[in-house]
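Undergrad: Show me the folded form of this:
(2 chains)
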Amino acid sequence: MKPRVMSHVSWLVPCLVLTAGSARTASAQTDAALLFNARCTSCHTFGQGDKVGPDLKGVAKRHSRAWLLSWIRSSERMVRAADPTAAALFQKYRRQRMPDFELPPENIADLVDYLAAGGPEADAARVMRAASTATAEELEHGRQLFDGRVALASGAVACVSCHTVASRGTLGGSLGPDLSGAFARYRDRGLHQFLQRTCFPRTQAVDTPSVLTESESLALRAFLHASGAGQPAQVASQDEGLPSRPGR
Amino acid sequence: MSTRALFLVAPAAALVWLALALLLRLLVPRAPAPAVAPELGSTVRTFRGRWIWHVGVAGTLAGHALLLVAPAALQAWNARLPRLIAFEATAFGFGLLAAVGLGVLVRTNVRDEPLRSARSLADTVLLGLLAVSIASGLGLAVLHRWASSWSLATLTPYARSLAALHPDLRLVEGMPYLVKLHVLAAVGFAFVLPFSRLLDLALLPLERTAADAARPLRALFARLRAAAEERARRAARAFWWEEDEDHVA
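TA: Numbers count the residues shown, from 1 in each chain, chains lettered A, B, ... in the order given. Sure thing, here's the model as predicted:
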């Protein structure tokens, strides 16, 4: 049985969950962003004030990198070791518990790097164009990419192999879900992040390149945006994360 | 059972087992043809079936071979919806023919008493696995449309990773159950095949081809051997002639 103190360790820094054994990708930053969006934001904001835990904007300036790495690896251990900073945060945030996660060191390092580099704000600054700004040509390009009439630069199979867009009358595959409402649900950022990775396998090897170029991502998002016109806006909650793998 | 056991350990074991069985089967000398002929006749009747079975299996195997051997070409072909539909419909048609053909074959096996008594348990299991394989293939074609496209990103690389002895489980772990069943039926088939008389039937063309190919060599060796024997006989006759004469006298 765990000591009593173990159940009172605070939730102060990002709540991170990564599927055990998931491989690092070529784009560590994209992975860290996915991790942050999927899990951390339930307790933390980035530049919008404290929530359950502290606002993580500037966290890399407030604490040393070594301290952050240790803290994310095991906040419980640090509180039990009476680290003064850890103890202060534990008291400040109502003794909320932040469990330890079995994260690989490289994922923790990627996340700390991501936060230090400006996190979601930096993402937004260099963000892709919004799907709503796409031209008619880009929209048509998106349709052709979806249908497979134009091959993806990576050579990956077209979306239509597994997905359909019923609202556009696309006779697509039925292995994966109908993507008519995908844009309404995940919006630009979520879809862009999802499209950076192959559908099969979802966990990639280190040297796997991104599946889509920026222009392909825009074109596909534009197509899904247009296909979802009339769909009620239903943004996925943080807990739901990104679209699940087909067939699940 | 875990995904690892089903899609990594089992297929690898099945492939090794099948390879070993084939090797043994080809290396270990069998009884001469007349001795196995009656048994082979029964085997032929157990598995041969009618034309509908041959066409269905040949077409289905050809479709699967395309997926494995020419995925890029198939992807390019499927890039146009009418062509994709044509390919899927053709493959489905072959699958249906195979299903009907297997049904006829099973009925023959069930009704024919001599066949029933000659059939081994492995033969029965093998026919069952064929039925599961065909049924799951047809089922996934209906329920999970455009299998000839999506399998290029899933089952083809999985099969290739198996062949490279580096199986990538991530490609199958998220697949629907029907797809997994289809894969497992194939794995089971590989396991049971060496126990079944179907292996004899499958290897028959190979053995005949090998025998045909070796015939000129065998003839050459026979001529050389005959010539050597004749030379030896003449030499012996010259050496022993007088003694033989005396002996005869």
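Undergrad: Quick check: can you list the domain ranges of chain B?
TA: Using automatic domain parsing, the domain parsing of chain B gives B:3-196, B:199-249.
Undergrad: ah, wrong one, I meant chain A
TA: The record's domain parsing of chain A by automatic domain parsing lists A:4-125, A:131-227.
Undergrad: With distance to chain B as new columns, can those be given to me in CSV?
TA: Any C-beta I mention is one placed from the backbone N, CA and C, and that applies to glycine too. Formatted as CSV, these follow (distance: least, Cβ to the nearest Cβ, whole Å):
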stretch, distance to chain B
domain A:4-125, 9
domain A:131-227, 3
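Undergrad: Against chain A, how distant is B:Gly59?
TA: B:Gly59 is 22 Å from chain A, where distance means Cβ to the nearest Cβ, to the nearest Å.
Undergrad: And B:Val132, by the same measure?
TA: From B:Val132 to chain A the distance is 19 Å (Cβ to the nearest Cβ).
Undergrad: and that residue, how many residues sit next to it?
TA: 17 (other Cβ atoms under 10 Å in any protein chain shown).
Undergrad: Show the residue spans covered by the helices in chain B.
TA: Using DSSP state H, the helices of chain B run over B:3-4, B:10-27, B:33-47, B:51-69, B:71-77, B:81-111, B:113-118, B:121-143, B:147-150, B:155-163, B:177-192, B:198-248.
Undergrad: Okay, buried residues for the fifth one please.
TA: Spelled out, it's helix B:71-77. Buried residues in helix B:71-77, counted by 16 or more other Cβ atoms under 10 Å in any protein chain shown: B:Pro71, B:Leu74, B:Gln75, B:Trp77.
Undergrad: Could you find the closest non-adjacent residue to the most centrally placed residue in chain A?
TA: For chain A, the residue sitting closest to the mean C-alpha position, by Cα atoms, centre = their mean, is A:Leu34 at 1.8 Å. Leaving aside its sequence neighbours, A:Leu34 sits nearest to A:Gln193 (Cβ to Cβ, 6 or more residues apart in numbering or on different chains; 5.6 Å).
Undergrad: what's the residue closest to the geometric middle of chain B?
TA: By Cα atoms, centre = their mean, chain B has its centre lying nearest to B:Ala202, at 5.1 Å.
Undergrad: Distance of that residue relative to chain A?
TA: Relative to chain A, and taking Cβ to the nearest Cβ, B:Ala202 is found at 32 Å.
Undergrad: could you pull out the helices for chain A?
TA: A:28-39, A:59-62, A:65-73, A:75-80, A:84-92, A:105-116, A:119-125, A:136-147, A:182-195, A:214-227.
Undergrad: Please identify which of those is closest to B:Phe92.
TA: Counting by Cβ to Cβ, B:Phe92 lies closest to helix A:136-147 out of the helices of chain A; the figure is 21.4 Å.
Undergrad: what mean pLDDT does that closest one have?
TA: Computed over helix A:136-147, the mean pLDDT rounds to 92.
Undergrad: elements contacting it?
TA: When contacts are defined as 3 or more Cβ pairs under 8 Å, 6 or more residues apart in numbering or on different chains; DSSP states H and E, helix A:136-147 sits against helix A:214-227.
Undergrad: I'd like to know how many residues surround A:Leu171.
TA: 15.
Undergrad: what residue ranges in chain B score low on pLDDT?
TA: Scanning chain B for pLDDT under 70 picks out B:1, B:29-40, B:240-249.
Undergrad: What parts of it come near chain A?
TA: Residues of chain B lying near chain A by Cβ under 8 Å from any Cβ of the partner chain: B:72, B:75, B:78-81, B:143-147, B:149-150, B:152-154, B:157, B:168, B:170-171, B:174-176, B:179.
Undergrad: Buried ones among the residues you listed?
TA: Buried among the residues of chain B next to chain A by 16+ other Cβ under 10 Å: B:75, B:78-79, B:81, B:144-147, B:149-150, B:152-154, B:157, B:168, B:170-171, B:174-176, B:179.
Undergrad: ok, back up a step: let me know the closest of the buried residues of helix B:71-77 to B:Ala232.
TA: For the buried residues of helix B:71-77, the nearest to B:Ala232 is B:Pro71 (60.4 Å; Cβ to Cβ).
Undergrad: circling back: distance to A:Gly172 for the helices of chain B - can I get that in CSV?
TA: CSV is the format used below for the helices of chain B (distance: least, Cβ to Cβ, whole Å):
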stretch, distance to A:Gly172
helix B:3-4, 27
helix B:10-27, 30
helix B:33-47, 39
helix B:51-69, 19
helix B:71-77, 15
helix B:81-111, 9
helix B:113-118, 46
helix B:121-143, 14
helix B:147-150, 10
helix B:155-163, 19
helix B:177-192, 17
helix B:198-248, 39
